[in-house]
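Q: could you look at this predicted model? Sequence included:
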Amino acid sequence: MEKIKELVGKANILLEALPYIKKFSNNIMVVKIGGEPMIDEELKNNIALDIILMKYVGINVVVIHGGGKQISNLMHKLGKKAVFINGLRVTDKETMEITEMVLTGMINKDLVGVINKHGGEAVGISGRDGNLIESIKKINEHSKEDLGFVGEINKINPKIIKTLIEHGFIPVISPVSVGPNGEAFNINADTAAGSVAAALNAEKLIILSDVRGIYKDIENPDSFMPTITLKEVRELIKANIIQKGMLPKVNACIQGLQNGVGKAHIIDGKISHSLLLELFTEAGVGTEIILER
C-alpha cells in the first residue's frame with residue numbers, strides 16, 4: 001500500500017507539471033548558469049538533466065554561462081594578478097587570451113560534454129561565432145582608467161542560434177563578443193543573457209546564481225520576494241538594496257522584460273533541480289520578475 005501511495009504521489013507531481021508543459025512547449029527559454037553550479041560537478045549534472053528534460057517536453061533551451069572564478073584561478077596559476085575596477089575585470093591582451101581560452105575552450109566544451117553525456121544534443125559556440133554578439137569597447141564611467149578588452153554589447157545577431165534550434169540542438173554560448181575589427185571582447189554573462197533573450201523574444205530568462213533571489217531586506221530572510229514587478233525592482237535599486245553582484249543580474253532581467261521577454265527569474269542554482277522546480281511547480285523556488293501585476 002505504501003508503494004502505491006508513493007506512486008500516486010509521483011503521478012500528482014507529473015499532473016502539477018502538465019499545464020506548465022502545455023503552456024511552455026515550443027517556446028524559447030534562455031538559461032544563464034553562473035557561480036557554484038559552474039564548479040560543483042553534481043550541481044552541473046543536475047542542471048544538465050533539467051535542461052534535457054525541458055528540451056524533451058518541447059522547450060527550446062538556450063544556455064549562456066559565466067566563468068569569472070575559473071578565469072581568476074587560471075590567471076593566478078599563470079602568475080598574473082586579476083585586477084577589477086568597479087566590479088569590471090581589467091582585461092589586457094594577455095588576460096583576454098586567458099579569458100577566451102577558459103570560457104570558450106574549457107568551460108563551454110565541458111558544459112556541452114556534460115549535457116551530451118546525459119543524452120542531450122548541445123553545440124558550443126561563442127559570441128564571436130556568426131557575429132552573434134557584436135560589441136564596442138566599454139568606457140569606464142567611474143574612472144579614467146582603461147579597462148582594455150572589455151566590451152559593451154551593441155548588436156545581437158541571433159541567426160546562428162535559430163539555426164541550431166531549428167535542427168534540434170541546444171546552443172551553449174560563451175560570453176565572448178566580437179569587436180569592430182574582429183577582435184575578442186570580454187562581456188558580462190548576465191548582460192549577454194538579457195540581450196540574447198530579448199533578441200529571441202524568449203518566453204523566459206532564467207538566471208541561476210548562488211542566491212535564492214530578491215529580498216526587500218537582505219538582512220531578513222523572511223523578506224524574500226517570490227514575485228516582483230519592474231516598478232518594485234527599480235525602487236529597490238534606487239534604495240541601494242539591490243547592489244553589487246545582484247545588480248547586473250537584475251539589470252539583465254529588466255533589459256529582457258523591456259524588450260519582449262515574457263518573464264524573468266533569478267533562482268538558486270545550488271538547489272537540486274531548481275530549474276524544474278521553478279518552471280513546473282506552483283510555488284517555484286526563486287524570484288519571478290514581471291512587468292506588472
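A: Right, received. Where do you want to start? Numbering: from 1, shown residues only.

Q: low-confidence ranges, the stretch 1-150 of the chain, go.
A: 1, 7, 9-10, 86, 141-144 (pLDDT under 70).

Q: show me the helices in it, by range?
A: Per DSSP state H, counting those that start in this stretch, the stretch 1-150 of the chain carries helices over the ranges 2-24, 41-56, 68-77, 93-100, 108-117.

Q: and the next helix or strand past the one helix or strand D190 maps to?
A: D190 is part of helix 189-199 when elements are defined by DSSP states H and E. Remark: after helix 189-199, the chain's next helix or strand is strand 204-209, criterion DSSP H and E.

Q: other SSEs contacting the helix or strand just after that next one?
A: Later in the chain than strand 204-209, the nearest helix or strand by DSSP H and E is strand 227-229. Counting by 3 or more Cβ pairs under 8 Å, 6 or more residues apart in numbering; DSSP states H and E, the packing neighbours recorded for strand 227-229 are strand 287-290. Where C-beta positions appear, they are placed from N, C-alpha and C, glycine not excepted.

Q: so for the strand it packs on, mean pLDDT?
A: For strand 287-290, the mean pLDDT works out to 95.

Q: what strands line up against that strand, and which way round?
A: strand 227-229 (parallel), strand 263-268 (antiparallel) (DSSP bridges).

Q: how distant is that strand from the center of its chain?
A: Distance of strand 287-290 from its chain centroid, counting by Cα atoms, centre = their mean, to the nearest Å, is 15 Å.

Q: deepest in the core, which of the strands paired with strand 287-290 is it.
A: With neighbours taken as mean count of other Cβ atoms under 10 Å, the strands paired with strand 287-290 reach their highest mean count in strand 263-268, at a mean of 24.

Q: the next helix-or-strand element following it packs against which elements?
A: Per DSSP H and E, the first helix or strand lying C-terminal to strand 263-268 is helix 274-280. For helix 274-280, the packing partners by 3+ Cβ pairs under 8 Å, 6+ apart come out as helix 2-24, helix 41-56, strand 204-209, strand 263-268.
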